[in-house]
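A.B. asks: I need the structure of the sequence given here:
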Amino acid sequence: MRTGRTLLVLTLLAAAAWTLRTLWLGGAFTRLEPHFEGECQRITGVAGAEDLTIHPRTGVAYVSSYDRAVAERGEPGRGALYAYAPGKGPASLRNLTPDAGADFHPHGIGLWVGGGDRDALFVVNHAGGRHSVEIYDLVVGRLVHRSSIVAPEFVSPNDVVPVGPEQFYVANDHAHPQGILRTLEEWFRLPLATVVFWDGSQASVAAEGIRMANGINAAPDGRTLYVAASLGREVRVYARDPDTGALDLEERVALDTAPDNVELDADRRLWIGAHPKLLRLVRYRSGRARTAPSQVLRLARDGEGGWQVEEVFLDAGERLSGSSVAAPHAGRLLIGPIQDAHFLDCRMP
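C.D. replies: Next comes the predicted model:
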């Protein structure tokens with residue numbers, strides 16, 4: 001009898017400890033002090049600008065849009081890719097995929113800058129429930145579809161980063177499709193997510209053991225890869241072999257938040273859209289909360305082998321809810337959300 005009571009007490013204590021840890025990691029106890037020293041304008045007309053990136057030479061922003069708020073209600077969501085001129089306002093928005101099918105579902109995007117007419121946009125697409133990476137050539141301001149790539153290793157692709165005109169890496173945020181196993185991955189923070197390399201002809205797993213691999217990006221020389229692990233609350237830094245595509249984990253940069261997409265500026269600093277209250281984001285996406293906080297971090301080498309982490313932007317969700325990406329260029333900062341019907345175009349101080 002005493003043994004049974006002891007086991008019950010231990011079980012209750014373990015459950016309480018797990019619940020408290022989940023609440024803590026989910027940001028339930030995080031105090032927010034919103035701040036930003038610049039000025040922001042809402043750019044409407046784009047729903048769910050979950051990922052965006054800015055061409056380093058032309059300054060044109062490419063925006064991936066999918067109406068997740070509608071999709072969460074069980075209705076068909078519409079997706080599109082846009083071009084936008086930072087600082088020019090909503091009038092500069094241009095739909096680059098007006099002829100895309102009704103089930104076009106773009107997610108993460110990556111830009112390959114090859115010079116001349118070799119620039120290309122790589123796009124994760126979930127159209128029809130099938131996961132693919134679409135490659136579009138950038139031709140005189142237009143997107144010309146080149147190829148659609150599918151592979152069994154693309155289990156749950158979230159983001160893509162090209163490292164060549166045909167080669168890219170995909171971040172799988174889960175190891176399982178929709179269902180109970182996927183839910184268990186999330187609630188128990190299981191390190192089952194992977195990074196997959198497409199070498200131009202076939203796919204292979206290049207990195208594994210990640211707690212929800214989300215955003216992914218690469219240094220301009222292609223020798224370093226950055227992966228945001230949302231549930232791991234860290235950015236993983238991999239050394240990349242340009243000849244084989246093999247990845248070697250070098251660093252794990254701990255963050256006190258859930259990172260989403262990763263962008264780089266001209267000084268190789270990382271800009272990350274993040275979620276300081278992940279559980280609040282879950283409630284917001286399901287319609288049980290009015291807003292969710294938005295956060296932008298900037299990570300830079302500190303000169304001593306480590307990283308300096310600076311919080312550039314923090315909002316309680318009034319200006320923008322659920323920031324997933326932040327891209328800087330020429331004094332501007334674009335911040336995109338998971339499902340809000342607008343994104344922010346900010347002038348930095």
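
A.B. asks: the helices in the stretch 201-349 of the chain, which residues?
C.D. replies: For the stretch 201-349 of the chain, the helices defined by DSSP state H, counting those that start in this stretch occupy 278-285.

A.B. asks: What backbone torsions are found at residue 105?
C.D. replies: Dihedral angles of residue 105 (phi, psi; degrees, to the nearest 10) stand at phi -130, psi 70.

A.B. asks: could you measure the closest residue to it other than its chain neighbours against residue 254, distance?
C.D. replies: Of all residues not flanking residue 105 in the chain, residue 126 sits nearest, at 4.1 Å (Cβ to Cβ, 6 or more residues apart in numbering). For glycine as for every other residue, the C-beta is placed from the backbone atoms N, C-alpha and C. Between residue 126 and residue 254 the computed distance is 31 Å (Cβ to Cβ, to the nearest Å).

A.B. asks: Who has more neighbours out of the two?
C.D. replies: Shown here are residue 126 and residue 254; by other Cβ atoms under 10 Å, residue 126 has more neighbours (17 against 11).

A.B. asks: any idea how far the more buried one lies from residue 201?
C.D. replies: Residue 126 is 23 Å from residue 201, where distance means Cβ to Cβ.

A.B. asks: so who does residue 208 touch?
C.D. replies: For residue 208, the contact set (Cβ atoms under 8 Å, 6 or more residues apart in numbering) comprises 192, 193, 194, 195.

A.B. asks: Would you double-check that the third one falls in a strand?
C.D. replies: Yes - under the criterion used here (DSSP: H, G, I helix; E, B strand; the rest coil), residue 194 sits inside a strand.

A.B. asks: Burial check on the nearest residue to residue 174 once chain neighbours are set aside, number of neighbours?
C.D. replies: Nearest residue to residue 174, sequence neighbours excluded (Cβ to Cβ, 6+ apart): residue 156, at 4.2 Å. Residue 156 has 21 neighbouring residues, counting by other Cβ under 10 Å.

A.B. asks: repeat for residue 327
C.D. replies: For residue 327, the tally of surrounding residues (other Cβ under 10 Å) stands at 24.

A.B. asks: tell me the contacts of it?
C.D. replies: Neighbouring residues of residue 327 by Cβ under 8 Å, 6+ apart: 52, 53, 54, 61, 263, 271, 333, 334, 336.

A.B. asks: on that earlier part again, and the contacts of residue 208, which two are furthest apart?
C.D. replies: 192 and 195 (12.3 Å; Cβ to Cβ).

A.B. asks: shared neighbours of these two, anything?
C.D. replies: Common contact partners of residue 192 and residue 195 (Cβ under 8 Å, 6+ apart): 208, 210.

A.B. asks: Quick one, grab the pLDDT at residue 1.
C.D. replies: Note on residue 1: pLDDT of 59.

A.B. asks: Count the neighbours of residue 301 for me.
C.D. replies: With other Cβ under 10 Å as criterion, residue 301 counts 13.
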